[in-house]
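Student: Using only what follows, build the 3D model:
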Amino acid sequence: MLRLEHINKTYPTGEVLKDINWEVKSGDRIGLVGVNGAGKSTQLKIITGEIEPTAGEVIRPSSLHIAYLNQEFEVDPTRTVKEELWRAFGEANTVNEALSQVHREMETATPEELDKLINKMDRLQRQFEALDGYNLEAQIDKILPETGFELGDSDRLVSSFSGGWKMRMSLGKILLQKPDLLLLDEPTNHLDLETIEWLENYLKGLTTPMVIVSHDREFLDRLCTQIVETERGVSATYLGNYSAYLQQKAENQSAQLSAYERQQKELDKQQAFVDRFRASATRSTQAKSREKQLEKVERIDAPVSGVRTLHFRFPPAPRSGREVVIIKDLTHSYDEKILFLGANLLIERGDRIAFIAPNGAGKSTLLRLIMGMEKPTEGTVTLGEHNVIAGYFEQNQAEALDLKRTVMETIHDEVPDWKNEEVRTLLGKFLFSGDTVFKPVGALSGGEKARLALAKMLLRPANLLILDEPTNHLDIPAKEMLEEAIQNYDGAAIVVSHDRYFISQVANKIVEIRDGEFRIYLGDYHYYLDKIAEEKEQALLEAQAAEKAAKKAAKAAKATAKKK
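Tutor: Coordinates of the predicted model:
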């Protein structure tokens with residue numbers, strides 16, 4: 001279907017892609033992985049033709065229709081949902097909009113104007129039919145419920161929907177074009193867990209081949225049939241999902257290391273023979289022969305160690321008391337929207353809690369209440385009395401940085417008595433090296449800003465970490481290091497995240513916000529999923545039992561009525 005052969009891409013700043021070779025076949029769902037800056041999005045743009053490779057070629061049929069869902073969902077907030085979906089159809093959409101305009105003009109037209117408008121409408125309707133417009137209308141009506149919309153939503157403005165629903169509109173527009181290949185660039189960014197799970201299940205049901213760029217490891221695990229890794233500009237393909245890729249890569253590196261070590265041992269042995277007998281009167285010929293053989297041996301490369309990535313620990317902090325956060329009878333609302341209603345929760349030293357709820361349920365608000373940045377409508381939210389020191393990483397922390405300060409100055413502002421060498425050592429742990437430390441914050445990427453914000457947080461010892469979407473903009477290796485740091489942290493941690501794999505690695509308790517209350521699950525994320533499945537099964541059994549009892553009661557009532 002599509003093949004990349006020896007793709008190279010070089011910019012004035014340097015070589016991004018060196019030797020990229022992989023292909024998409026019918027039925028493939030390929031996960032494209034690599035650190036930030038490895039060239040994943042560049043490969044998608046080369047596939048679409050948006051940018052040209054420096055060398056190599058993309059082999060594809062000329063008729064191949066490629067659809068690209070990028071990180072920013074392209075929707076017009078002033079249109080209705082149906083109008084937005086119509087935009088998938090180009091010329092037919094133009095004719096349909098012209099027809100709608102004629103219908104509006106006919107409502108206030110004079111008799112003379114009406115004749116002209118009727119003629120125009122007749123011409124447009126014939127054009128609409130020629131473009132198969134009524135069938136396209138039916139396709140839109142069909143995809144609305146498929147993407148989760150109710151029929152009444154079709155006339156609602158796009159601006160009245162959340163980011164998750166806008167993603168569904170963008171996806172719907174793409175699928176209406178019936179693409180042969182679907183490219184998805186970070187499709188789960190800013191989506192809540194419920195929407196991510198919906199997207200997973202929806203994409204699983206499609207037969208369209210797809211290439212997915214994502215840092216969501218759970219998403220890649222559940223969807224992908226292959227993983228293509230880009231490391232140092234070179235691609236490698238692994239069959240299976242993300243977990244299978246990790247296992248295969250570890251096995252390959254282990255096998256390569258063993259082969260390398262065996263060869264090095266044999267080469268050293270032969271070289272020792274050559275060195276020993278090169279000047280020997282009786283064995284110099286044999287030594288020279290072996291030396292020539294050594295020159296011809298094809299050397300096995302030592303396995304490349306993992307890419308340089310984030311490595312840090314949260315600084316130690318004074319031990320707190322057992323009670324870290326106490327929430328009593330919390331009620332909180334904005335205007336008519338009630339977020340919490342008589343909610344209670346005790347967070348203790350050593351707890352690593354992940355709060356789970358759909359977007360808009362109040363997770364970030366709860367963190368601000370804990371920090372004292374907002375006051376509850378009713379009830380209390382207090383930190384423990386004994387030496388609780390909170391460190392807060394808010395969702396827009398990276399955006400809160402001073403864009404005019406350099407990376408070095410940002411850290412120096414926090415620790416003015418530190419020497420330059422100490423600051424650079426800290427920044428090196430967060431992958432800021434060389435002249436990068438002198439860049440203004442405004443020139444940093446989203447991932448670099450997130451790392452800098454985390455570095456700032458590292459400077460403040462705390463025994464309560466409050467982290468709101470800390471993995472936004474972080475690549476997979478950086479997420480893994482943050483997970484390790486939280487796992488080794490001996491204080492309490494409160495996490496809000498839509499990254500299920502991250503939650504599964506760091507949380508030892510799950511708190512779900514449901515109907516304004518806190519439902520506490522005393523286990524990790526997989527324990528929570530098992531309990532949720534049990535609750536749903538129990539609810540189904542109870543509903544079936546109630547239905548059966550109602551039918552039995554109705555039957556008994558009917559029999560009693562007959563007797564009378």
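
Student: Where does the prediction get shaky in the chain?
Tutor: Counting by pLDDT under 70, the chain contains low-confidence ranges at 71-73, 304-311, 397-398, 564.

Student: Buried residues of the helix or strand containing E5, list them for me.
Tutor: Per DSSP states H and E, E5 falls inside strand 2-11. Of all the residues in strand 2-11, those buried under the rule 16 or more other C-beta atoms under 10 Å are 2, 4, 7, 9. Backbone N, C-alpha and C define where each C-beta goes, glycine included.

Student: so the third one bridges to which residues?
Tutor: According to DSSP bridges, the partner residues bridging I7 are I20.

Student: hang on, the earlier thing: nearest to V95, of the buried residues of strand 2-11?
Tutor: Within the buried residues of strand 2-11, distances to V95 taken as C-beta to C-beta reach their minimum at L2, with 32.5 Å.

Student: Could you report the separation of that closest one from G39?
Tutor: 17 Å (C-beta to C-beta, to the nearest Å).

Student: Show me what the strand holding E5 is in contact with.
Tutor: For strand 2-11, the external contacting residues (C-beta atoms under 8 Å, 6 or more residues apart in numbering) are 15-24, 39, 42-43, 46-47, 51, 53-60, 64, 181, 233, 235.

Student: Of all the helix elements in the chain, which one is longest?
Tutor: helix 525-563 (DSSP state H).

Student: Next, the buried residues of that one.
Tutor: 525, 527-528, 531.

Student: I'd guessed L294 sits against V274; true?
Tutor: Yes. Between L294 and V274 there is a contact under C-beta atoms under 8 Å: 7.0 Å.

Student: Comparing those two, which residue is more hemmed in?
Tutor: A count of neighbours by other C-beta atoms under 10 Å puts V274 above the other of L294 and V274, at 18 against 14.

Student: What helix or strand is that one located in?
Tutor: Using DSSP H and E, V274 falls in helix 242-277.

Student: In contact with L131: list those residues for me.
Tutor: Contact analysis of L131 by C-beta under 8 Å, 6+ apart lists 89, 91-92, 95.

Student: hmm, 7 Å instead?
Tutor: L131 sits next to 91-92, 95 when contact means C-beta atoms under 7 Å, 6 or more residues apart in numbering.

Student: Please apply the same query to E105.
Tutor: L117.

Student: what separates the host helix or strand of it from the chain centre, distance-wise?
Tutor: In the assignment (DSSP H and E), E105 maps to helix 91-106. Put simply, helix 91-106 sits 39 Å off its chain's centre (C-alpha atoms, centre = their mean, to the nearest Å).

Student: how about the strands in the stretch 401-550 of the chain?
Tutor: Taking DSSP state E, counting those that start in this stretch, the strands of the stretch 401-550 of the chain run over residues 464-468, 492-496, 509-514, 517-521.

Student: Now that we have those strands, can you turn them into a markdown table and tack on mean neighbour count?
Tutor: Below are the strands of the stretch 401-550 of the chain laid out as a markdown table (neighbours: other C-beta atoms under 10 Å):
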| stretch | mean neighbour count |
| --- | --- |
| strand 464-468 | 23 |
| strand 492-496 | 24 |
| strand 509-514 | 19 |
| strand 517-521 | 17 |
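
Student: Can I get the ones you listed in CSV including distance to L341?
Tutor: CSV is the format used below for those (distance: least, C-beta to C-beta, whole Å):
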stretch, distance to L341
strand 464-468, 22
strand 492-496, 20
strand 509-514, 11
strand 517-521, 7
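
Student: picking up where we left off before, name the nearest of the contacts of L131 relative to P316.
Tutor: Using C-beta to C-beta, A92 comes nearest to P316 of the contacts of L131, at 64.9 Å.

Student: which residue sits closest to the closest one, ignoring its sequence neighbours?
Tutor: L131 (4.3 Å; C-beta to C-beta, 6 or more residues apart in numbering).

Student: sorry, back to before: if you count contacts, what does the longest helix of the chain end up packed against?
Tutor: Packing contacts for helix 525-563, counted by 3 or more C-beta pairs under 7 Å, 6 or more residues apart in numbering; DSSP states H and E, involve helix 500-506, strand 517-521.

Student: What's the end-to-end length of stretch 497-517?
Tutor: 19 Å (C-alpha to C-alpha, to the nearest Å).

Student: for the residue nearest to A92, phi and psi?
Tutor: With angles defined as degrees, to the nearest 10, L131 sits at phi -90, psi 10.

Student: What of P358?
Tutor: Per degrees, to the nearest 10, the backbone of P358 is at phi -70, psi 160.

Student: And for it, the neighbour number?
Tutor: P358 has 15 neighbours, counted by other C-beta under 10 Å.
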